[in-house]
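Novice: got a structure for you, letters missing:
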């Protein structure tokens, strides 16, 4: 985590956690779209469980909970380099037909 992504206390800002998870869920949604379709986030919920201090490394994994014609739901686990869960994000992506 870079200093510019952290709060004054030197920990990863909640918005940075959410932006990271949103990008991962959106990538998953795009990979499941038909030709010419787009996606946008409808809803996102984050549970913050542990802090990520400046200089640490985080990783994320998005798993589909539902992939349908009009929407998809993704659950993203963000963990530290020690494998401990830092945040859990659930988001709904809407499919926009061309």
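Specialist: Looks like it came in fine. These numbers were taken from a predicted model, which means no experiment stands behind them. Numbering: from 1, shown residues only.
Novice: assumed residue 82 was part of a helix.
Specialist: No. Residue state for residue 82 (DSSP: H, G, I helix; E, B strand; the rest coil) corresponds to coil; a helix is not indicated.
Novice: near it, how many other residues are there?
Specialist: 9 (other Cβ atoms under 10 Å). C-beta coordinates here come from the backbone N, C-alpha and C atoms, glycine included.
Novice: would you mind measuring from it to residue 50?
Specialist: 10 Å (Cβ to Cβ, to the nearest Å).
Novice: what residue lies at the spatial centre of this protein?
Specialist: residue 21 (1.0 Å; Cα atoms, centre = their mean).
Novice: show me what contacts that residue?
Specialist: Contact analysis of residue 21 by Cβ atoms under 8 Å, 6 or more residues apart in numbering lists 44, 46, 60, 62, 76, 78, 87, 89, 91.
Novice: which neighbours does the helix or strand containing the fourth one have in its sheet, and in what orientation?
Specialist: Going back to what we said before, that points to residue 62. Residue 62 belongs to strand 58-67 when elements are defined using DSSP states H and E. The pairing partners recorded for strand 58-67 under DSSP bridges are strand 71-80 (antiparallel).
Novice: now the strand it pairs with: buried residues?
Specialist: Under the neighbour-count criterion of 16 or more other Cβ atoms under 10 Å, strand 71-80 has 72, 73, 74, 75, 76, 77, 78, 79, 80 buried.
Novice: just how off-centre is it within its chain?
Specialist: Strand 71-80 sits 5 Å away from the centroid of its parent chain (Cα atoms, centre = their mean, to the nearest Å).
Novice: helix or strand right after that strand?
Specialist: strand 85-96.
Novice: can you tell me the SS state at residue 17?
Specialist: helix.
Novice: kindly report the same for the one 5 residues further on.
Specialist: Secondary structure of residue 22, reduced to three states by three-state DSSP: helix.
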